[in-house]
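Participant: Sequence and computational prediction follow.
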Amino acid sequence: DVTLVHRKAEWTTREEVNVVVVTWNMAGLDAPASLAPAFVGSTATPPDLVVVALQEMCPLKPLEGAMAVAETAVAGGTARGAAYAAAALAGAHDAWPGAK
């Protein structure tokens, strides 16, 4: 049989990796300079992969109707997302100095 399942050894490898997964509810606040507190104590050695899931990145306002909420989410997406990404990267570097 030539199905991929039977030929798995030809295209797969096994390798142990150290992965840190963090979720952080930002509660609509601006991004901090570093998300290092989210990483502290997760692992002593630098991980191979860091996954950061952020919630409530857009500014939170009292409910003004569905359209206002949607506009807030869209308007806050790009620049705020870049700021949060920078904070996550800074946090990883703060938590594991010298990591790449």
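Facilitator: Nice, thanks for sending it over.

Participant: can you pull the contacts of G98?
Facilitator: G98 sits next to P46 when contact means C-beta atoms under 8 Å, 6 or more residues apart in numbering. Using the backbone N, CA and C atoms, a C-beta is placed for each residue, glycine as well.

Participant: Poorly predicted segments of this structure, please.
Facilitator: Residue ranges of the chain with pLDDT under 70: 1-2, 59-80, 99-100.

Participant: mind checking the longest helix of it?
Facilitator: helix 77-95 (DSSP state H).

Participant: What are the boundaries of the strands in this protein?
Facilitator: 19-25, 49-55 (DSSP state E).

Participant: So what are the sheet partners of the last one and their directions?
Facilitator: Partners of strand 49-55 in the sheet, by DSSP bridges, are strand 19-25 (parallel).

Participant: give me every residue that touches the residue sitting nearest the centre point of the chain.
Facilitator: The centre of the chain sits closest to V52, judged by C-alpha atoms, centre = their mean, with a distance of 1.8 Å. Applying C-beta under 8 Å, 6+ apart, we find V52 in contact with V22, T23, W24, L35, A38, A88.

Participant: Tell me the one of the residues you listed nearest C58?
Facilitator: W24 (14.3 Å; C-beta to C-beta).

Participant: Tell me how many other residues surround that closest one.
Facilitator: 19 (other C-beta atoms under 10 Å).
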